[in-house]
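Visitor: Quick one: sequence plus predicted model below, questions after.
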Amino acid sequence: MAKARSLSQFQKAFSDEASCVAFLFKRRWPDGFVCSVCGKRRVAGLKSRPRLYQCLDCGRQTSITAGTTMHRSRLPLTAWFRAAHPMSTHSNGMSARHLEDQLGVTCKTAWLLTQKLRRSMVDPDREPLEGVVEVDQTEIPLREGDAVLEPGNAGKILVIGAVEVIFRDTNQARPRRKSTPNTSTRVLAASASP
């Protein structure tokens, strides 16, 4: 696993929009631009829209963020990058409220950023939980409005979690127990027959 950049290294590497675009360009086309329609390599970046590239042979325009979580976002790439760094490097992630303060964006924008970034960090090839899975739920009280102590304004948020039980020594999932016939049912069935 690669070591994460420190905050100062990150800020230096992605200090402006151009450095973010250059990073995404290199990730999207590591061997240079290739048009998805005609397969040619001649390209021009549009000055009016710095995230957009146009194939000089067929005229197809391709956004650097197309197909990513940043697709069609009007937020600067520097804001996306500044949000992605703490979301991916802090062990507990980052709350929308904290991002709102750090980035100077609205609460709605910060919430949307956190949701999109969390979804993008999920491994699409992850395997479903197997073996013994423990599931639990809890309710968290929610207060609406400014009246904190009024019971009439209280609501509840239901939180559900599932955990796969694994053996520490082998790091393998604990297999499900084989279903065994219920003894009391077998005895009742035997006593009910003549």
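Guide: Looks like it came in fine.

Visitor: Kindly state the pLDDT recorded for residue 116?
Guide: pLDDT, residue 116: 92.

Visitor: Give me the spatial nearest neighbour of it, chain neighbours excluded.
Guide: Closest residue in space to residue 116, ignoring its immediate chain neighbours: residue 69 at 4.6 Å, by C-beta to C-beta, 6 or more residues apart in numbering. All C-beta atoms are positioned from the backbone trio N, CA, C, and that covers glycine.

Visitor: who touches that neighbour in this structure?
Guide: 116, 117, 119, 120 (C-beta atoms under 8 Å, 6 or more residues apart in numbering).

Visitor: Quick check: phi and psi on the closest residue to residue 38 other than its chain neighbours?
Guide: Closest residue to residue 38 apart from its sequence neighbours, by C-beta to C-beta, 6+ apart: residue 58 at 4.3 Å. With angles defined as degrees, to the nearest 10, residue 58 sits at phi -110, psi -10.

Visitor: I figured residue 58 hits residue 39, correct?
Guide: No. The criterion here is C-beta atoms under 8 Å, and residue 58 misses it with residue 39 at 9.3 Å.

Visitor: Looking at the contacts of residue 69, which is nearest residue 159?
Guide: Of all the contacts of residue 69, residue 159 sits closest to residue 119, with 18.3 Å by C-beta to C-beta.

Visitor: which element follows the helix or strand hosting the closest one toward the C-terminus?
Guide: If you go by DSSP states H and E, residue 119 is part of helix 107-120. Using DSSP H and E, the helix or strand that follows helix 107-120 in sequence is strand 133-143.

Visitor: Who are the packing partners of that next one?
Guide: In terms of contacts (3 or more C-beta pairs under 8 Å, 6 or more residues apart in numbering; DSSP states H and E), strand 133-143 is packed against strand 154-164.

Visitor: Quick one: residues contacting the spatially most central residue of the chain.
Guide: The centroid of the chain falls nearest to residue 118 when counting by C-alpha atoms, centre = their mean (2.1 Å). By C-beta under 8 Å, 6+ apart, the contact list for residue 118 reads 87, 93.

Visitor: just the helices in the protein please.
Guide: 7-13, 17-28, 77-89, 96-103, 107-120, 183-192 (DSSP state H).
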